[in-house]
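In: Quick check, what structure comes out for this input:
(chains A and B)
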Amino acid sequence: MARRSTTERGASPATVTLVEGRTLRCQGAWTMSEVARVERVLAVMDWPTGGAFRFEGSGIATFDTGGAVVLSRAVMDARLRGCEVTVEGLRSEYLQLMSLVSANWSVMMAHVAVRPNGTQLVTALLRRSRTQVLQGVEFIGRTSTALLHLLRSPARLRWRSTLNSLRLDGVNALPITGLLTFLIGVVIAYQGAEQLRKFGTNIFIVDLVGISLLREIAPLIAAILIAGRSGSAYAAQIGTMKVTEELDALQTFGLSPIELLVLPRVLALVVALPLLTVYADVLGVFGGMLIASNQLNVSFTAFLTRFEEAVALRHFLIGIGKAPCFAVIIALVGCYQGFQIRGGVDDVGRHTTISVVQSIFLVIMFDALCSILLNWWSL
Amino acid sequence: MQKLPSTLATAEQVGLPVIEVSHVSTRFGPAIVHQDVSLTVMRGEVFAIAGGNGCGKSTLLREIIGLLTPTTGTISLLGVNSRELEQPDGSPLHRRFGVMFQHGALFSSMTLADNVAVPLKEHTALSARLIREIVALKIALVGLPPDSAVKFPSELSGGMRRRAALARAIVMDPELLFLDEPTAGLDPMIAAGFDDLVLDLKRLLGLTVVMVTHDLDSLWRIADRVAVLGDGRVLGMGTMEALAASEDPVVQGYFHGPRGRAAQQNHAGALPERA
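Out: Presented below is the predicted three-dimensional model:
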């Protein structure tokens, strides 16, 4: 058996020399860290065909499985060329390792032969995406039926977890949502101010800031923030519960994970996101107002008076009307990805990422769809 | 019996200490895990660390392999202070031991074959083909079927995962093999098979095995020497026969509980030549 300690004590590196075309003299340390060179030499060696061939192994100082595999392969190659192979001079413990390898040779070759082929991979991929779509539909269906049950007997709602979710995903998100939309309001007003000043139409800053924020930007910013904050958390929480078999435990008590985990989160977000959007509207418009008075000499009073005339109520209603839909998308995608987690810990990370990307994607898709439809109805 | 010293380890190597734990104490905040623990593992033996839950067995193992540092005391592993394992240049030593973690610790994003190949890919310059062959040999040695090599850890059963972890631990032909609760959670048949597997590998590859275990059957079957930990100290150390005759009440309780006696009887029945 190779003891690497002896290798480190300064054995020479592994070498092979062909003597008189019929004898291969093997020398040095035939260990995993040293044998790579010999393998390359053997691959391009001029092998004789037929006749006797001798492997001379008395010069091998250290030997391990790596060396044994290389030597066994050389022996097999020589046999395939019709040689009468003899292995000589190997120490008894090294011979034992050789016989270990040859005893397992056919199994090893079977192992090496097993590799996934291309068509199988493609069909597996197709089948996977089909089941994913089906599972997504099934999940929406289950959640809807659970919701119907809940409507019939509202006492079943888990108030505690709903309110907890409301606090975690709504109240705790207030500072960051407020700050971000305030800054966005500032940015829009700055950009608009530049252009409006050229035409001397300073007062239109109110239309610019008010309509764009109330109708599109504040709901979107709030939704994207919540997707990153809460959607990912849903996926990770439910996924971890799945990995640790907590979901299975719930089911054995006859409790439905959908009713217990998904509905409270969906309902909490449906309440929280519109409220967050209103809050975002206020702070965003306030940001715009500050810049308007600072850069365009539009006073707060002038701004608010103009606001009442210019920004129709429908813009505000369309904005907060979209928010509950965004909330449903985010909560469902997050929870669904959580349930999709199988097996390992790295699955949790993967599905958390997927949940954020998918929910932001779907939110923006839905928003674009709304814009097109509302334009048709000229709202 | 297979309980001979490894046929591959040469005579002068057998019986030399490979691990020396001297006067190790460990504290996690106010909790005292070890107090003045000393033990020595000889080359070529199967050394078991036993003891009740929470007695610091796994902590000691983690200290030996350099994942934790003891509060005081020194641990020497193959002649190197295990504190040096934390240094990035500790890797020559890392190649000389393999660790099988309790739950396998297989990388879940890789197939079984890729898992086993990790040390070879990182530490050697071998060709892809040779790596595949060595990996295949090790997978065959631990008795896993060929089609399992392309499976992911989540697709394997608990017993198969354990074997895969063992294949990964021995892929570099380590001198020292650490097993953390190798048979916990396995059914008796598979656990016994695992014991045999460890003995076979030890014989074939000339390993020194250090294992942490609760499993009294495998203590009787494969351990050459056992250290029993309790109250943060080594309560007893020696062969199972010697420990079974120990006066210490905790050791007594450990080996002469109903399960301990059953395991001893099993052992005496199955292996009359040893009794």
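
In: mind checking the longest helix of chain A?
Out: helix A:118-152 (DSSP state H).

In: Can you give me the buried ones in that helix?
Out: By neighbour count with 16 or more other CB atoms under 10 Å in any protein chain shown, helix A:118-152 contains the buried residues A:136, A:139, A:142-143, A:146-147, A:150. Just so you know, the C-beta spots here come from the backbone N, C-alpha and C atoms, and that holds for glycine as well.

In: Show me the strands in chain A, by range?
Out: All strands of chain A, identified by DSSP state E, fall at A:15-19, A:23-30, A:52-63, A:84-88.

In: Where does the prediction get shaky in chain A?
Out: Filtered on pLDDT under 70, chain A yields the residue ranges A:1-11, A:114-116, A:343-344.

In: Show me the domain layout of it.
Out: A:4-113, A:157-376 (automatic domain parsing).

In: need the ones you listed in CSV with distance to residue B:243, can you?
Out: CSV is the format used below for the domains of chain A (distance: least, CB to CB, whole Å):
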stretch, distance to residue B:243
domain A:4-113, 31
domain A:157-376, 37
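
In: Now tabulate those domains in TSV and tack on distance to chain B and mean neighbour count.
Out: Conversion of these to TSV gives the following (distance: least, CB to the nearest CB, whole Å; neighbours: other CB atoms under 10 Å in any protein chain shown):
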stretch	distance to chain B	mean neighbour count
domain A:4-113	3	18
domain A:157-376	3	19
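
In: Can you say which of the ones you listed is nearest to residue B:72?
Out: domain A:4-113 (28.5 Å; CB to CB).

In: Neighbours of residue B:33, how many?
Out: 21 (other CB atoms under 10 Å in any protein chain shown).

In: Confirm it sits in a strand?
Out: Yes. According to DSSP: H, G, I helix; E, B strand; the rest coil, the state of residue B:33 is that of a strand.

In: which SS class is residue B:25?
Out: Residue B:25 ends up strand, using three-state DSSP.

In: For it, give me its contacts.
Out: By CB atoms under 8 Å, 6 or more residues apart in numbering or on different chains, the contact list for residue B:25 reads B:32, B:34-37, B:70-73, B:232.

In: ok so, going back, which of the domains of chain A sits closest to residue B:202?
Out: domain A:4-113 (13.1 Å).

In: returning to that earlier point: now, of the contacts of residue B:25, which are buried?
Out: Buried by 16+ other CB under 10 Å: B:34-35, B:37, B:70, B:73, B:232, out of those.

In: Residue B:135 against residue B:119, yeah?
Out: No. Judged on CB atoms under 8 Å, residue B:135 makes no contact with residue B:119 at a distance of 10.1 Å.

In: I'd like the average pLDDT over stretch B:103-113.
Out: The average pLDDT within stretch B:103-113 is 79.

In: Distance to residue A:245 for the strands of chain A - can I get that in TSV?
Out: Output for these, formatted as TSV (distance: least, CB to CB, whole Å):
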stretch	distance to residue A:245
strand A:15-19	55
strand A:23-30	48
strand A:52-63	46
strand A:84-88	53
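
In: nearest to residue A:202, of those?
Out: If we rank these by CB to CB, the stretch that ends up nearest is strand A:23-30, at 83.9 Å.

In: For that closest one, name the packing helices and strands.
Out: On a contact count with 3 or more CB pairs under 8 Å, 6 or more residues apart in numbering or on different chains; DSSP states H and E, strand A:23-30 meets strand A:15-19, strand A:52-63, helix A:65-80.

In: how close does the nearest residue to residue A:97 once chain neighbours are set aside get to residue A:269?
Out: Leaving aside its sequence neighbours, residue A:97 sits nearest to residue A:68 (CB to CB, 6 or more residues apart in numbering or on different chains; 4.6 Å). Separation of residue A:68 from residue A:269 (CB to CB, to the nearest Å): 62 Å.

In: coming back round to it: which residues does the residue nearest to residue A:97 contact?
Out: A:30, A:94, A:97-98, A:100-101.

In: Are the longest helix of chain A and chain B in contact anywhere?
Out: No. Helix A:118-152 does not reach chain B (CB under 8 Å from any CB of the partner chain); its nearest approach is 10.3 Å.

In: Check which helices and strands that helix sits against.
Out: helix A:263-295, helix A:313-340.

In: Just want the angle from the first one to helix A:313-340.
Out: Meaning helix A:263-295. Helix A:263-295 runs at 140 degrees relative to helix A:313-340, counting by axes from the mean of the first three to the mean of the last three CA atoms, to 10 degrees.

In: and helix A:263-295, what other elements does it pack with?
Out: Helix A:263-295 packs on helix A:118-152, helix A:159-169, helix A:174-199, helix A:205-212, helix A:218-226, helix A:300-310, helix A:313-340, going by 3+ CB pairs under 8 Å, 6+ apart.

In: Adding distance to residue B:246 as columns, could you present those helices in CSV?
Out: Output for these, formatted as CSV (distance: least, CB to CB, whole Å):
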stretch, distance to residue B:246
helix A:118-152, 57
helix A:159-169, 53
helix A:174-199, 63
helix A:205-212, 82
helix A:218-226, 63
helix A:300-310, 87
helix A:313-340, 52
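
In: Out of the ones you listed, flag the one nearest residue B:140.
Out: Across the helices and strands packed on helix A:263-295 (criterion: CB to CB), the nearest stretch is helix A:118-152, sitting at 23.4 Å.

In: gap between that closest one and the chain center?
Out: 19 Å (CA atoms, centre = their mean, to the nearest Å).

In: Now do that helix against helix A:263-295, angle only.
Out: Using the same axes, to 10 degrees: helix A:118-152 against helix A:263-295 is 90 degrees.

In: Spit out the contact partners of residue 198.
Out: Just going to use chain A. By CB under 8 Å, 6+ apart, residue A:198 lies in contact with nothing.

In: look at chain B instead
Out: B:46, B:166, B:177, B:179, B:182, B:209, B:211, B:222.

In: Downstream of the helix or strand hosting residue B:177, the next helix or strand is which one?
Out: Using DSSP states H and E, residue B:177 sits within strand B:176-180. Next helix or strand after strand B:176-180 toward the C-terminus (DSSP H and E): helix B:188-205.

In: quick one: buried residues of that next one?
Out: Those would be B:190-195, B:197-199, B:201-205, for helix B:188-205 by 16+ other CB under 10 Å.

In: before we move on, what about stretch B:238-251?
Out: B:240, B:243-244, B:246, B:250-251.

In: Now the terminal residues of that stretch, how far apart.
Out: 12 Å (CA to CA, to the nearest Å).

In: Lovely, talk soon.
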